[in-house]
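>>> Take this sequence and fold it.
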Amino acid sequence: MNKAQKLVEMMELVRRAGGVRAAELRNRFDLDARSLRRYLADLRTLGVPLVDDGRGDERVVSVEPRWRRSGVQMSLAEVLSLHFGRKLFTFLNGTSFSQDMDDAIERLEPAISRTHKELSRQLDRKFLAVPEHAKDYTGDPSDVIDDLVSALVFDNPVEVRYQNAQGVTRRYRLRPYTLAVYRQGLYVFAFDEEAGQVKTFAVERIAELVRVWNDKFEIPPDWDPNIHLKHAFGIIIGPPVRVRLAFAPETRTFVRERRWHPSQQLQVRPDGWLELTLDVALNFELVSWVRSFGPDVRALEPAALVEQLRSDLVRTARLYDRES
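Residues are numbered from 1 along each chain as shown. Just a heads-up that it's a prediction; the model follows:
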């Protein structure tokens with residue numbers, strides 16, 4: 001049995017009428033005196049009010065009579081939520097972030113009722129979170145994540161060496177405000193002290209990070225990451241523009257089923273095409289998304305987006321020109 005399974009059975013034994021002798025616990029789970037003390041400490045951490053009567057192996061371990069098991073018991077809905085939450089972060093496998101999450105869940109397993117315990121072992125087959133194309137955080141980036149999370153928690157500035165998407169490397173002194181998850185990737189919204197503004201940094205592009213332990217900063221009281229991303233079509237911010245797109249009837253249902261942005265407005269045109277209006281930042285994220293619909297979408301405005309798509313289509317056609 002692993003530790004979580006031992007804790008589950010141990011909790012059942014201490015709840016018996018009259019409790020259980022320490023010697024029985026040690027023999028049943030093959031524990032020395034020190035290990036048994038740690039296991040009992042874990043149960044207390046989970047909120048189980050243990051009572052120790054006697055000394056050594058002859059002492060009796062039980063729970064307070066008025067303690068209600070429901071106080072630490074997890075419902076089926078909570079078990080499912082815990083499972084789904086963990087699956088959404090599989091892209092962090094290999095990092096200490098992931099290990100800490102697994103350890104926390106293992107400590108919660110004793111709170112799963114006997115009725116739901118067997119069911120919880122089958123969740124991987126019954127429910128699936130299909131992973132997107134994830135970024136790789138194993139290896140060196142794992143250390144960066146650890147120090148970054150500590151800096152976020154304790155409001156310490158960080159000094160980083162960062163390489164942007166074009167391969168240009170430079171150094172920054174940053175005040176990390178928020179760590180965000182987007183499309184199986186980690187991003188940090190941080191105040192660039194030199195530029196005097198909040199910028200977005202992809203964690204995997206941080207080649208080096210040093211936490212400034214002896215310094216602290218204060219996050220502005222009006223900082224709200226949701227407001228920061230209000231006009232982003234994803235993770236990249238920018239000034240909003242009015243975007244109008246028309247989608248072919250074949251894709252109309254697909255487009256209507258999703259909430260692409262809080263500002264979106266939809267209406268069916270007389271020709272059967274679906275018009276989508278957005279107030280968002282015009283950047284690579286938006287252009288790439290529009291291009292993904294191929295001939296089933298037509299940009300109506302702004303003119304800069306129309307010209308960008310027209311130019312992209314011409315360049316793409318040249319790639320398939322038989323004479324080129």
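>>> Make sure residue 215 is actually in contact with residue 157.
Yes. Counting by CB atoms under 8 Å, residue 215 does reach residue 157; the two are 5.4 Å apart. C-beta: built from backbone N, CA, C; applies to glycine.
>>> more neighbours, those two?
Remark: of residue 215 and residue 157, residue 157 carries more neighbours, 20 against 12, as counted by other CB atoms under 10 Å.
>>> Find the residue closest to the more buried one in space, skipping its chain neighbours.
residue 212 (4.6 Å; CB to CB, 6 or more residues apart in numbering).
>>> Let me see the confidence value for the one you found.
On pLDDT, residue 212 comes in at 94.
>>> Could you pull up the residues touching it?
151, 156-159 (CB atoms under 8 Å, 6 or more residues apart in numbering).
>>> run the last query once more with 7 Å
156-159 (CB atoms under 7 Å, 6 or more residues apart in numbering).
>>> So which of the residues you listed belong to strands?
If you go by DSSP state E, the contacts of residue 212 have 158-159 in strands.
>>> ok, the contacts of residue 212 vs residue 303, which is closest?
residue 158 (40.9 Å; CB to CB).
>>> how close does that closest one get to residue 317?
Taking CB to CB, to the nearest Å as the measure, residue 158 falls 46 Å from residue 317.
>>> Would you mind telling me which of the two has the busier surroundings?
Neighbours per residue, other CB under 10 Å: of residue 158 and residue 317, the larger number sits with residue 158, 24 against 10.
>>> Hmm, residue 177 and that one touching each other?
No. Counting by CB atoms under 7 Å, residue 158 sits too far from residue 177 to count as a contact (11.5 Å).
>>> Next up, the contacts around residue 52.
Here residue 52 is in contact with 59, 61 (CB under 7 Å, 6+ apart).
>>> Helix or strand for it, just tell me which one.
Element membership for residue 52, per DSSP states H and E: strand 50-53.
>>> Tell me the buried residues in that strand?
residue 50 (16 or more other CB atoms under 10 Å).
>>> And the contacts of whichever helix or strand comes after it?
The C-terminal neighbour of strand 50-53 among helices and strands, as given by DSSP H and E, is strand 60-63. Contact with strand 60-63 is made by 14-15, 19-22, 25, 40, 48-54, as judged by CB under 7 Å, 6+ apart.
>>> Recalculate using a threshold of 10 Å.
The contact list for strand 60-63, computed with CB atoms under 10 Å, 6 or more residues apart in numbering, reads 10-11, 13-22, 24-25, 36, 40, 43, 48-54, 69.
>>> In helices only, show me these.
10-11, 13-14, 22, 24-25, 36, 40, 43 (DSSP state H).
>>> and whichever strand in the chain runs longest, what other elements does it pack with?
Across the chain, the longest stretch assigned as strand under DSSP E is strand 169-181. Contacts defined by 3 or more CB pairs under 10 Å, 6 or more residues apart in numbering; DSSP states H and E place strand 169-181 against helix 140-154, strand 158-163, strand 186-192, strand 197-202, strand 206-211, helix 225-228.
>>> what about 7 Å?
With contacts taken as 3 or more CB pairs under 7 Å, 6 or more residues apart in numbering; DSSP states H and E, strand 169-181 sits against helix 140-154, strand 158-163, strand 186-192.
>>> With distance to residue 308 and mean pLDDT as extra columns, can I get these in a markdown table?
Compiled in a markdown table, these are given as follows (distance: least, CB to CB, whole Å; pLDDT from 0 to 100):
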| stretch | distance to residue 308 | mean pLDDT |
| --- | --- | --- |
| helix 140-154 | 33 | 81 |
| strand 158-163 | 26 | 95 |
| strand 186-192 | 24 | 95 |
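>>> and the ones you listed, which is most packed in?
strand 186-192 (a mean of 21; mean count of other CB atoms under 10 Å).
>>> So which residues make contact with that one?
So strand 186-192 is contacted by 148, 172, 174-180, 198-203, 225, 228, 235 (CB under 7 Å, 6+ apart).
>>> Kindly supply the ChimeraX command isolating those of those that are buried.
The buried residues among the contacts of strand 186-192 can be selected in ChimeraX (16+ other CB under 10 Å) with this line:
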select :148,172,174,175,176,177,178,179,180,198,200,201,202,203,228,235
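>>> I'd like to know how far residue 188 sits from residue 17.
In terms of CB to CB, residue 188 sits 54 Å off from residue 17.
>>> Ok, residue 302 next?
75 Å.
>>> give me phi/psi at residue 195?
Dihedral angles of residue 195 (phi, psi; degrees, to the nearest 10) stand at phi -80, psi -20.
>>> separation between it and residue 235?
In terms of CB to CB, residue 195 sits 18 Å off from residue 235.
>>> Kindly report the same for residue 186.
Counting by CB to CB, the gap from residue 186 to residue 235 is 10 Å.
>>> what bridges to residue 178?
residue 189 (DSSP bridges).
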